[in-house]
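Asker: Build me a structure from this.
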Amino acid sequence: MFNDPRSHGLWEKTAPPAPSSEPLSGDASCEIVIIGGGYTGLSAALHLAEAGRSVILLEAKAIGFGGAGRNVGLINAGMWVMPDDLPGELGAVHGERLLTLLGNGPQVVMQLIDRHGIDCELTRTGTLHCAVGDKGLAEIEERARQWQKRGADVEVLDATETERRIGTRAYRGALLDRRAGTLQPLAYARGLAHAAVKAGARIHTETPAIAWQQRQGRHVISTGAGSVTTDWVIVATDAYSTGPFETVRTEQVHLPYFNLATTPLSDNLRRSILPAREGCWDTKEILSSFRMDDEGRLVFGSVGALRGPGTAIHKGWARRALRKIFPQLGDITFEAEWYGQIGMTDNALPRFHRFADRVVGFSGYNGRGIAPGTVFGKVLAAHVLGEATEADLPLPQTAPQAPAFRLLKEAYYETGAQIAHLAGDRF
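Answerer: Alright, predicted model coming up:
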C-alpha cells in the first residue's frame, strides 16, 4: 500500500478490493463527519447510514491503512486487563458495562459479517491463549475463573488437548475462548466500507483532516482541497492520528508489532498444525502470536519493527522459534512480511473523549481493535442518534493526557525486542 510492501503484507495481497473512492474536492455539508477509515469509523458510518443519516467519512490514506489493515486478525473478547480489575480501574458501573460490551464484541462482529456477506475468511472456532510454563498456566487459569463467573464460554485445556489442537508440546495448557475467532483484517475493513457505501455513506480516501473550527454552531473540517460543514464529528483515528486530533495518538505509547506469513503449508502439515484454525498467542511478556489463513499460510508475529537491523534480527528469530514450536515444519519460507504500531494507554484500557460539544471519539485499543473498534463505532452511532446519552456509554469521559516519557518508552520497546530476539528469548 502506497508502495510499501511491509505496511500490510499478506492482507493486501489477499483482500478483496475496497470500494472506489476519491479525495474530497470542494465544500460539502452533512449531519455527521467521521475522521478515520478503520473499524470504529467504518462501523459508525455503517450504523448511522442505515439509520438514514447523512454521513461523510474522511480517511487520510486508504481504508484500513492503520491498525485495521495490519493486525493479526484475532477477534478477541475483552481487553488485556483481567476482568476483575476493570471495576477497580473504571468504577463498578463502567467496569461491568465495558466487560459486557466487549465480552459480546466478537458476536457483534460475526453478525455484521453474516448480515452484509463480508468476504473476510471468518473462522468461529475460538482463540487459544497459550500458557508458557507454570506462571503462564496460573495466569490463564485465573483469567478463565474470572470470565466463567460472568458466564463466558471459556475453558482451560490441559497440555494434551492443547497439543492436539495446536500441534506442539511447547505449552502447559491453553485458555480456549469459544466466543472468539479469526478473520482477514483488511478484508473485514474493506467489507465494512462496502456496506457503509451501500447504506448511503460517502467515503473520501487520501483526504486528511488538517484543521477543525466551530462556525455558527456547526463544525468545519478542512482537508486542504475542500471542507465539510457538519453537526457532529466522530474522531476515529486512534494510534495513527494526525492533524487537529493528534492528541489521540500522543496519549498512547506505540508498541511495534510484526507479522511473517509462510508459503501455504502442505495438506499433511495442515492436518497437524491448527487443524481447526484457532487463533493463538502466548503468555510471555514479549508475546508471540500465530494463526492460519484460508490458503494454509501460517502467520507468525511478535513485538518488533521490520526496519533497520530489526528486519534481520526478527526474521532470524522467527525461523528459530517456529522450528522449536513446530519441528514438523522443516525449512521455512516466508511469503510476506509487515509490521505496524499498537497504541498502548497507560492502564491498557480504551478512552472516551469529548473534544467539544458534538465532537466525540473512542480510542486506545491496546492491540484489541477488531471487536472493540466495531462495537465502539456502533455505540458512537447510538450516541449521535440520541439513543444513548453520555451517561449510558461504557467509558467515562476523560481528557487526553500524554503519558510520561512516551518517546523514550517507544524507543525502549523497539530496541528491547531486538535485544530479546537476538538473544533467543522465547524458546
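Asker: What is the neighbour count of Val299?
Answerer: Val299 has 22 neighbouring residues, counting by other Cβ atoms under 10 Å. All C-beta spots, glycine's among them, are computed from the backbone N, C-alpha and C.
Asker: how far away is His94 from Asp267?
Answerer: Using Cβ to Cβ, to the nearest Å, His94 is found at 49 Å from Asp267.
Asker: Quick check on the two: which one has the bigger neighbour count.
Answerer: The residue with more neighbours, out of His94 and Asp267, is His94; 18 against 8, by other Cβ under 10 Å.
Asker: wait, doesn't that one sit right on Asp392?
Answerer: No. His94 lies out of contact with Asp392 (Cβ atoms under 8 Å); the separation is 10.6 Å.
Asker: pLDDT score assigned to the nearest residue to Gly167 once chain neighbours are set aside?
Answerer: If the residues on either side of it in the chain are set aside, Gly167 comes closest to Ile273, at 4.1 Å by Cβ to Cβ, 6 or more residues apart in numbering. Here, the pLDDT recorded for Ile273 equals 98.
Asker: Quick one: neighbours of Ile273, just the number.
Answerer: Neighbours of Ile273 (other Cβ under 10 Å): 20.
Asker: what does Gly41 give?
Answerer: Residues within reach of Gly41, counting by other Cβ under 10 Å, total 34.
Asker: So it, which state does it fall into?
Answerer: What DSSP: H, G, I helix; E, B strand; the rest coil gives for Gly41 is helix.
Asker: do you know how far the residue nearest the centre of the chain is from Val132?
Answerer: Centroid-nearest residue in the chain: Gly369, 2.5 Å away (criterion: Cα atoms, centre = their mean). To Val132, Gly369 is 24 Å away according to Cβ to Cβ.
Asker: Remind me which helix or strand Val220 belongs to.
Answerer: strand 218-222 (DSSP states H and E).
Asker: Next SSE downstream of that strand?
Answerer: Per DSSP H and E, the first helix or strand lying C-terminal to strand 218-222 is strand 226-235.
Asker: Now whichever helix or strand comes after that next one: average pLDDT?
Answerer: Counting by DSSP H and E, the next helix or strand C-terminal to strand 226-235 is helix 247-250. If you average the pLDDT over helix 247-250, you get 94.
Asker: change the start of the numbering to 17 and stick with it
Answerer: In the new numbering, first residue 17, that becomes helix 263-266.
Asker: what are the C-alpha coordinates of helix 263-266, in CSV please?
Answerer: The C-alpha trace of helix 263-266 is given here as CSV (Å, rounded to 0.1, in the frame of the first residue of the first chain):
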residue,chain,number,x,y,z
THR,A,263,-3.7,14.2,20.9
VAL,A,264,-5.4,10.8,20.4
ARG,A,265,-2.1,9.4,19.2
THR,A,266,0.1,11.3,21.6
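Asker: Downstream of it, the next helix or strand is which one?
Answerer: strand 269-278.
Asker: Quickly run through the sheet partners of that next one, with directions.
Answerer: Partners of strand 269-278 in the sheet, by DSSP bridges, are strand 314-319 (antiparallel), strand 350-360 (antiparallel).
Asker: Can you redo those strands as a markdown table, where the extra columns are mean pLDDT and distance to Gly389?
Answerer: As requested, those are exported to a markdown table (pLDDT from 0 to 100; distance: least, Cβ to Cβ, whole Å):
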| stretch | mean pLDDT | distance to Gly389 |
| --- | --- | --- |
| strand 314-319 | 98 | 19 |
| strand 350-360 | 96 | 12 |
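Asker: Turn the ones you listed into TSV, including distance to Met308.
Answerer: Shown next, in TSV, are the strands paired with strand 269-278 (distance: least, Cβ to Cβ, whole Å):
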stretch	distance to Met308
strand 314-319	6
strand 350-360	13
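Asker: most tightly surrounded among those strands?
Answerer: strand 314-319 (a mean of 24; mean count of other Cβ atoms under 10 Å).
Asker: after that one, next one along is what?
Answerer: Counting by DSSP H and E, the next helix or strand C-terminal to strand 314-319 is helix 326-341.
Asker: what helices or strands is that following helix leaning on?
Answerer: strand 269-278, strand 314-319, strand 350-360, helix 422-438 (3 or more Cβ pairs under 8 Å, 6 or more residues apart in numbering; DSSP states H and E).
Asker: Between helix 422-438 and the first one, find me the angle.
Answerer: Read that as strand 269-278. 30 degrees (axes from the mean of the first three to the mean of the last three Cα atoms, to 10 degrees).
Asker: What are the buried residues along the very next helix or strand once past strand 269-278?
Answerer: Sequence-wise, the next helix or strand downstream of strand 269-278 (DSSP H and E) is helix 283-288. Of the residues in helix 283-288, those buried by neighbour count under the rule 16 or more other Cβ atoms under 10 Å are Leu285, Arg286, Ser288.
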